[in-house]
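Asks: prediction below, plus the sequence it came from.
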Protein chains: 2
Amino acid sequence: MMAALLRNKARMANLSWLQPRLLIPRKRPIQSQSNLWPEFKGEEYMTKKIQQINKALDEAVPLQHPTMLHQAMRYTLLAGGKRLLPILCIASCELVGGNQSSVMPIACAFEMIKTEGLVLDDLPCMDNDDLRRGKPTNHKVFGEATSILASHALLCLAIEYVATRTKNVSPDRLIQAIAEICSTIGSKGATAGQFADLNSEGKEVSLSELEFIHKNKTGKILEASVACGVLVGGGNEEQIQILRKYAKCVGLAFQVWDDILDITGSTERLGKTAGKDLLCNKATYPKLMGMDESKKFARQLVAEAKEEVSYFDSTRAAPLHHFADFAVSRNM
Amino acid sequence: MMAALLRNKARMANLSWLQPRLLIPRKRPIQSQSNLWPEFKGEEYMTKKIQQINKALDEAVPLQHPTMLHQAMRYTLLAGGKRLLPILCIASCELVGGNQSSVMPIACAFEMIKTEGLVLDDLPCMDNDDLRRGKPTNHKVFGEATSILASHALLCLAIEYVATRTKNVSPDRLIQAIAEICSTIGSKGATAGQFADLNSEGKEVSLSELEFIHKNKTGKILEASVACGVLVGGGNEEQIQILRKYAKCVGLAFQVWDDILDITGSTERLGKTAGKDLLCNKATYPKLMGMDESKKFARQLVAEAKEEVSYFDSTRAAPLHHFADFAVSRNM
């Protein structure tokens, strides 16, 4: 019933991408009807990409003077994490024929931006969290001031890194990518989402307010990661639009699943404090829709995401299929 | 004696731009030997530029949803201020034949960046200040969390604004400008300066440490403002280098004078807490060099700055001459 209600709400709010349309025949060309790349091993692919991204991040933020500031920047950045944004960015670039070396600086930038946001979110005046990526939060180790400065420096470095390290990409496309990144994390993006999230704590939050929070806090940056991947890979506007729809579905699926894991997961496995949402009386999908409907909704979104990328050659799209499945099969 | 010591230090540290060389004949071509533009009215020029910059800033950050977040962004940004960075940026652009409309988005970006840095500096965990630009500090009005988010959003908007609003400038130059801006405020620039500044409080600070703080905290961004002005105005590398030297001298002169005003000025006139440096036992030039030597040093720097821009047509360089004089004639 909540899913039907959500679809109605989505229709009213013109969020057409939220409406499952699995039965609607596709009008866009499907370049290849072959089955999914049979040799594609999703877990191996993810593990390899994570290793390559971690190496690139380690090199991107060397330990230099002032030492403690750079230690704080590296601490949360290199503490693990699923590296979802950089993987999506690279996969989208390769999907349209680009290569990893061109896109790696932007992929790294997405992880730096993700991390600087987390460092701020964890501050005592924000979510006041003690644990992140399985370790004490940044401010617990380095103090608030250094933590804020490290976050600030990571944001600056992210954009500088894109501007100075990206090779074999036209400056026009690079500027478009920089504009998209900054827009998605600014006052009309992630910062707005975090602001709304903070102001929603302890209050009754409607589904549309919850959607606003997630769309801005996590959705737009996921969209930006695929859009920038396609941009850098030399793709066209149609391809960007398709991947934006894919990312919207996957992003929301991740969020719904995160809400579910906050209830069903353990602090040890999650690497962050479990049950935090309940404790803070935060608006979550299980709270608004119930647990079963939330799971059903997340899986519908994944199916929709996979349907979107059926436009592309299925071999090349295999990583994106795997990524979508991962959103609702993970336990951390 | 301290000035001589400083010159020796500068020589040893290869900071050749710190050595007054007023008596050394210039080898660079001076394009015009005419006297300073006789009609140039410095104060009128500054007042007009400030009005134009304030109007542009007001338009750049409209009051939109989420309202309180945008109120916090606008609060410190539009609370006055000397607008030194945007004026220098515009003057440098016009100096090499560029026009104000092309450079205004970058000029605005410099003020946004200056402001977001001030908002962070004033936080309780940093300098813990209550007064800025003659009004209660941002966190005093909006709370710490909103203040940090507003600062974050201003930084994002600054870069986005440069990327999306700059017209009639090649994308190559624009990327160079974005890289310079991000570099000067990151972990090798202003953030490093603020980090060192925080860690110097209550400690004995050497002249070289004080130089590190000022060079990074305020010097590099002043340099970036002229470099980006010349870049956008279509100038060449030689012109950028000359203006970098000019900015280094003027930037340090401003800093020395700020240290002097912290002792001689009043809170009301300064718009920020006077005597704060003394109270926090901060390293300052008057403390290290004495008051008279500090004044002499600041004036030497101004003379050196003016000597640098004698390379240019004196009519076009008049604003930069005025700007240098302003550094050591102001009482706020």
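Replies: All right, it came through fine.
Asks: so who does the most centrally placed residue in chain A touch?
Replies: A centroid search over chain A (CA atoms, centre = their mean) returns A:Leu222, at 4.1 Å, as the residue closest to the centre. Residues in contact with A:Leu222 (CB atoms under 8 Å, 6 or more residues apart in numbering or on different chains) are A:84-85, A:88, A:247-248, A:250-251, A:254. For glycine as for every other residue, the C-beta is placed from the backbone atoms N, C-alpha and C.
Asks: same thing but at 10 Å, please
Replies: A:84-85, A:88-89, A:110, A:114, A:184, A:244, A:246-252, A:254-255 (CB atoms under 10 Å, 6 or more residues apart in numbering or on different chains).
Asks: now these: which count as buried?
Replies: The neighbour count (16 or more other CB atoms under 10 Å in any protein chain shown) marks A:84-85, A:88-89, A:110, A:114, A:184, A:244, A:246-252, A:254-255 as buried among those.
Asks: among the contacts of A:Leu222, which are in helices?
Replies: A:84-85, A:88-89, A:110, A:114, A:184, A:244, A:246-252, A:254-255 (DSSP state H).
Asks: so which of these also contact chain B?
Replies: Of the residues in the ones in helices among the contacts of A:Leu222, proximity to chain B by CB under 10 Å from any CB of the partner chain holds for A:Thr184.
Asks: ranges for the strands of the stretch 51-200 of chain A?
Replies: Assigned by DSSP state E, counting those that start in this stretch, the stretch 51-200 of chain A shows strands spanning A:131-132, A:135-136.
Asks: distance to chain B and mean pLDDT added to those, as TSV?
Replies: Converted to TSV, these look like this (distance: least, CB to the nearest CB, whole Å; pLDDT from 0 to 100):
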stretch	distance to chain B	mean pLDDT
strand A:131-132	17	91
strand A:135-136	17	95
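Asks: coming back round to it: so the residue nearest to the centre of chain A, which state does it fall into?
Replies: Put simply, A:Leu222 is helix when judged by DSSP: H, G, I helix; E, B strand; the rest coil.
Asks: for B:Gln51, see how far away it is.
Replies: 42 Å (CB to CB, to the nearest Å).
Asks: and if you look at A:Lys140?
Replies: Relative to B:Gln51, A:Lys140 is positioned 47 Å away (CB to CB).
Asks: neighbour count for the two, which is higher?
Replies: A count of neighbours by other CB atoms under 10 Å in any protein chain shown puts A:Lys140 above the other of A:Lys140 and B:Gln51, at 16 against 11.
Asks: and the pLDDT for the nearest residue to that one once chain neighbours are set aside?
Replies: Of all residues not flanking A:Lys140 in the chain, A:Asp130 sits nearest, at 5.9 Å (CB to CB, 6 or more residues apart in numbering or on different chains). pLDDT for A:Asp130: 93.
Asks: any idea how far A:Asp130 lies from chain B?
Replies: 17 Å (CB to the nearest CB, to the nearest Å).
Asks: ditto for A:Gly219
Replies: 16 Å.
Asks: go on, A:Lys55?
Replies: The value you get for A:Lys55 to chain B, if CB to the nearest CB is used, is 20 Å.
Asks: mind listing what that residue touches?
Replies: A:Lys55 neighbours (CB under 10 Å, 6+ apart): A:Met104.
Asks: kindly report the same for A:Glu308.
Replies: A:17, A:26, A:28, A:241-250, A:317, A:320, A:324.
Asks: again, only this time at 7 Å
Replies: A:242, A:245-246, A:249 (CB atoms under 7 Å, 6 or more residues apart in numbering or on different chains).
Asks: the nearest residue to A:Arg330 once chain neighbours are set aside: how many residues sit nearby?
Replies: Nearest residue to A:Arg330, sequence neighbours excluded (CB to CB, 6+ apart): A:Trp257, at 7.0 Å. Counted with other CB under 10 Å, residues neighbouring A:Trp257 total 23.
Asks: state the helix or strand in which A:Trp257 lies.
Replies: helix A:237-264 (DSSP states H and E).
Asks: not counting sequence-adjacent ones, nearest residue to the residue lying farthest from the centre of chain A?
Replies: Residue farthest from the centre of chain A, counting by CA atoms, centre = their mean, is A:His65 at 31.0 Å. Leaving aside its chain neighbours, A:His65 sits nearest to B:Ala192 (7.6 Å; criterion: CB to CB, 6+ apart).
Asks: count of neighbours near the one you found?
Replies: Using other CB under 10 Å, B:Ala192 has 25 neighbouring residues.
Asks: poorly predicted segments of the stretch 151-300 of chain A, please.
Replies: A:266-275, A:278-280 (pLDDT under 70).
Asks: what parts of it come near chain B?
Replies: Neighbours of chain B within the stretch 151-300 of chain A, by CB under 7 Å from any CB of the partner chain: A:152-153, A:155-157, A:159-160, A:163-164, A:171-172, A:174-175, A:178-179, A:182-183, A:185-187, A:191-192, A:194-196, A:198.
Asks: let's see it at 8 Å
Replies: By CB under 8 Å from any CB of the partner chain, the residues of the stretch 151-300 of chain A that approach chain B are A:152-153, A:155-157, A:159-160, A:163-164, A:170-172, A:174-176, A:178-179, A:182-183, A:185-189, A:191-192, A:194-196, A:198-199.
Asks: quick one, which of the residues you listed are buried?
Replies: Counted by 16+ other CB under 10 Å, these give A:152-153, A:155-157, A:159-160, A:163, A:171, A:174-176, A:178-179, A:182-183, A:185-189, A:191-192, A:194-196, A:198-199 as buried.
Asks: in stretch A:323-332, which residues are buried?
Replies: A:323-328.
Asks: narrow these to those in helices?
Replies: Checked against DSSP H, these include these in helices: A:323-327.
Asks: how about CSV for those residues, with distance to A:Gly80 and pLDDT added?
Replies: Output for those, formatted as CSV (distance: CB to CB, whole Å; pLDDT from 0 to 100):
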residue, distance to A:Gly80, pLDDT
A:Phe323, 18, 94
A:Ala324, 22, 96
A:Asp325, 21, 95
A:Phe326, 16, 93
A:Ala327, 18, 93
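Asks: from these, pick the one nearest B:Gly235.
Replies: Nearest to B:Gly235 among these, counting by CB to CB, is A:Phe323 at 46.5 Å.
Asks: mind listing what the closest one touches?
Replies: The neighbourhood of A:Phe323, defined by CB under 8 Å, 6+ apart, consists of A:84, A:87-88, A:91, A:250.
Asks: quick one: which of the residues you listed is nearest to B:Glu204?
Replies: Among the contacts of A:Phe323, and counting by CB to CB, the member closest to B:Glu204 is A:Leu84, at 47.4 Å.
Asks: my guess is the closest one meets A:Trp257, correct?
Replies: No - A:Leu84 is beyond contact range of A:Trp257, at 11.9 Å (criterion: CB atoms under 8 Å).
Asks: near chain B, which residues of the stretch 1-150 of chain A show up?
Replies: Checking the stretch 1-150 of chain A against chain B by CB under 8 Å from any CB, the hits are A:64-66, A:68-70, A:73, A:120, A:123, A:125-126, A:143-146, A:148-150.
Asks: switch the cut-off to 10 Å
Replies: By CB under 10 Å from any CB, the residues of the stretch 1-150 of chain A that approach chain B are A:61, A:64-66, A:68-70, A:72-73, A:113, A:116-117, A:120-121, A:123-127, A:139, A:143-150.
Asks: as a markdown table, the strands of the stretch 51-200 of chain A with distance to B:Thr47 and mean neighbour count would be great.
Replies: Compiled in a markdown table, the strands of the stretch 51-200 of chain A are given as follows (distance: least, CB to CB, whole Å; neighbours: other CB atoms under 10 Å in any protein chain shown):
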| stretch | distance to B:Thr47 | mean neighbour count |
| --- | --- | --- |
| strand A:131-132 | 49 | 22 |
| strand A:135-136 | 52 | 16 |
